[in-house]
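>>> Let me see the structure of the following:
(4 chains)
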Protein chains: 2
Amino acid sequence: MQPILTNRQKQIVEYLRMSQRETGVMPSTREIQHYFGFASQTAAMSHLRALERKGVIQRLPGKARAVVFPGDLDRGEIADIPIYGSIAAGMAQDAEPEREGSIALDITALGIRHNARTFALKVRGDSMIDAHICNGDTVILEFRQPRKGDIVAALIDGETTLKRYVVEKGKPFLRAENPDYPDLIPARELVIQGVLVALLRHAA
Amino acid sequence: MQPILTNRQKQIVEYLRMSQRETGVMPSTREIQHYFGFASQTAAMSHLRALERKGVIQRLPGKARAVVFPGDLDRGEIADIPIYGSIAAGMAQDAEPEREGSIALDITALGIRHNARTFALKVRGDSMIDAHICNGDTVILEFRQPRKGDIVAALIDGETTLKRYVVEKGKPFLRAENPDYPDLIPARELVIQGVLVALLRHAA
DNA sequence: CGGGGCGGTGTTCAAGCGAAAAGATTTTGC
DNA sequence: GCAAAATCTTTTCGCTTGAACACCGCCCCG
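The predicted structure follows:
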């Protein structure tokens, strides 16, 4: 059930949200006053009181700028997962190490540990299509040792690809989830860069 | 390039993060003082100054509790997308309207408009497997009119399913992306509850 | 061995800021 | 139509809080 807000109260909430997003801190009552052109700071106070009564915000009495949206509190920890370019899931190609933005999401909801080294890559190609990983998907990877059957980003013979990590007869190798692509047997080295923990697809 | 922090400075940062997550506001210098058992508030001050010098935090001079992590600022808007139970992508079943938690993520990164009515559903079944939507995936839907070829959650003849929205000869109907499942031709009503905008998969 | 960064203590000051008391006017909901 | 909200103004008070100054011991590094 949504609380009913007046127009003015919606404006106040919108200003609070904007201020929080742009400056990082909540406005003081006097900042609210000046923003809306009030002649007195008490006007802002009473609006905050009204919003608190309706449960839209919570305040910590006596503390400065202590306005919180309750929904923001029971949110888990939000982490910025950097996107390190794209990765070939088709033909083996070099993966660029440049950071190309990041995605922010609630990592506890995904079961990602806080101190895990996590990063994301855009998938290029369709060699993992039978694992339902498509061209253009963003995969979120965690740096750790892989288990059999994990999908991994691996540096095999100098190039990075996304493949399934398979062990047969004690020998690890990489398998594409697409019959058109061959298995990759490491000639010398098989360096695992990350294990897939989540996938994010963005409908066009 | 990561700035080098001393142990004490790491503790301070950790406390700032904890305070921000649990109380919703940044601690004042005196709160930092008491938490660490400092005899003077200046100790907290100098730590904050050091952290600012190293670029870990930013401060707004003269303002109370005005400590921000720069990374949190250039993040887009984070929204809590409620999860309304699960949805059948196989056999048609009722979708429960109960809210079962939510996921928080940066919606601008996904191209979701701010005032869009967005919600999420867990996928049950494999009738959309050829569209690479698996059992257990979480689909994020936006309430709007569907276009041809969109994947939609639809209420068809009293039950909710996830299917592709297809129009042929001017007549809309729903198609499963799995040859084992038949098309669904609406007998009376075809109510679209949401259009797929994103998908989140969580590796076990 | 001398300087600089780190990690503090003690004190003082002024601005920042929430809060309360006492109205006034308008809108809204039974 | 009346009471309860909503939306403000003026004024005053006092805790909260950032900030500055002076000073101390420690350890590392060249």
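
>>> Would you map out the domains in chain A?
Under automatic domain parsing, the residue ranges defining each domain of chain A are A:7-73, A:78-200.

>>> quick one: low-confidence parts of chain A?
Low-confidence segments of chain A, defined by pLDDT under 70, span residues A:1, A:89-100, A:157-158, A:187.

>>> All the strands of it, residue numbers only.
Secondary structure of chain A (DSSP state E): strands located at A:58-59, A:67-68, A:78-88, A:102-106, A:118-124, A:138-142, A:151-156, A:159-168, A:171-175, A:190-202.

>>> So in that sheet, which strands flank the longest one, and in what orientation?
I take that to be strand A:190-202. For strand A:190-202, sheet partners with direction are given as strand A:138-142 (antiparallel), strand A:151-156 (antiparallel), strand B:190-202 (antiparallel), following DSSP bridges.

>>> and of those strands, who's closest to B:I133?
Relative to B:I133, the nearest member of the strands paired with strand A:190-202 by C-beta to C-beta is strand B:190-202, separated by 6.4 Å. C-beta here means a position set from N, CA and C on the backbone, and glycine is covered the same way.

>>> the inter-axis angle of that closest one versus strand B:171-175?
On the basis of axes from the mean of the first three to the mean of the last three C-alpha atoms, to 10 degrees, strand B:190-202 is oriented at 30 degrees to strand B:171-175.

>>> A:S19 versus the residue of chain A most remote from its centre, what's the distance?
Farthest-out residue of chain A from its mean C-alpha position, per C-alpha atoms, centre = their mean: A:A39, at 42.3 Å. Applying C-beta to C-beta, to the nearest Å, one obtains 21 Å for the distance of A:A39 from A:S19.

>>> Buried ones in the helix ranked longest in chain A, by neighbour count?
Taking DSSP state H as the assignment, the helix of chain A that covers the most residues is helix A:7-22. For helix A:7-22, the neighbour count (16 or more other C-beta atoms under 10 Å in any protein chain shown) marks A:9, A:12-13, A:15-16, A:19-20 as buried.

>>> try stretch A:177-189
If you call a residue buried by 16+ other C-beta under 10 Å, then stretch A:177-189 has these buried ones: A:177-178, A:181, A:184.

>>> How many residues are close by A:I57?
The tally of other residues near A:I57 (other C-beta atoms under 10 Å in any protein chain shown) stands at 20.

>>> Now do the same contact list for it.
Each residue near A:I57 by C-beta atoms under 8 Å, 6 or more residues apart in numbering or on different chains is listed here: A:13, A:16, A:48, A:51, A:67-70.

>>> Among these, name the buried ones.
Judged by neighbour count, with buriedness set by 16+ other C-beta under 10 Å, the buried members of these are A:13, A:16, A:48, A:51, A:67-69.

>>> Can you name the residues in contact with stretch A:15-28?
Contacts made with stretch A:15-28 from outside it, assessed by C-beta under 8 Å, 6+ apart, are listed as A:31-32, A:35-36, A:57, A:64-69, B:25-26, B:58, B:60, B:63-69, B:72-73, B:77.

>>> Buried subset of the residues you listed, written for ChimeraX?
Of those, the buried ones go into a single ChimeraX selection, burial set by 16+ other C-beta under 10 Å:
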select /A:31,32,57,64,65,66,67,68,69 /B:25,26,58,64,65,66,67,68,69,72
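
>>> returning to what we had before: for B:R113, state which of the buried ones among the contacts of A:I57 is nearest.
Within the buried ones among the contacts of A:I57, distances to B:R113 taken as C-beta to C-beta reach their minimum at A:V13, with 18.1 Å.

>>> Need the nearest residue in space to the closest one, chain neighbours excluded.
Among residues not flanking A:V13 along the chain, A:V56 sits closest, at 6.2 Å (C-beta to C-beta, 6 or more residues apart in numbering or on different chains).

>>> The one you found is in contact with A:V68, isn't it?
No. With contacts defined as C-beta atoms under 8 Å, A:V56 does not count as touching A:V68, sitting 10.5 Å away.

>>> For the two, list the residues in contact with both.
Between them, A:V56 and A:V68 share no contacting residue under C-beta under 8 Å, 6+ apart.

>>> And stretch A:53-71, how far out from the chain middle?
Counting by C-alpha atoms, centre = their mean, to the nearest Å, stretch A:53-71 is centred 26 Å from the centre of its parent chain.

>>> hmm, back to that, just curious, which of the buried residues of stretch A:177-189 is nearest to B:I133?
The nearest member of the buried residues of stretch A:177-189 to B:I133, counting by C-beta to C-beta, is A:E177 at 16.0 Å.

>>> residues in contact with the closest one?
A:E177 makes contact with A:127-131, A:133, A:163-164 under the criterion C-beta under 8 Å, 6+ apart.

>>> buried subset of those?
A:127-129, A:131, A:133, A:163-164.

>>> ok, how many other residues are close to whichever residue of chain A sits closest to DNA strand D?
Closest residue of chain A to DNA strand D, C-beta to the nearest atom of the strand: A:S40 (2.1 Å). Counted with other C-beta under 10 Å, the burial measure for A:S40 works out to 11 neighbours.

>>> Please tell me how far A:R17 sits from DNA strand C.
16 Å (C-beta to the nearest atom of the strand, to the nearest Å).

>>> For the buried ones among the contacts of A:E177, give me TSV that also has distance to DNA strand D.
As requested, the buried ones among the contacts of A:E177 are exported to TSV (distance: C-beta to the nearest atom of the strand, whole Å):
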residue	distance to DNA strand D
A:S127	49
A:M128	47
A:I129	53
A:A131	49
A:I133	47
A:K163	44
A:R164	46
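
>>> restrict these to contacts with chain B.
With C-beta under 8 Å from any C-beta of the partner chain as the criterion, these include A:129, A:133 near chain B.

>>> from the buried ones among the contacts of A:E177, which single one is nearest B:F143?
Sorting the buried ones among the contacts of A:E177 by distance to B:F143 puts A:I133 at the head of the list, at 27.9 Å, by C-beta to C-beta.
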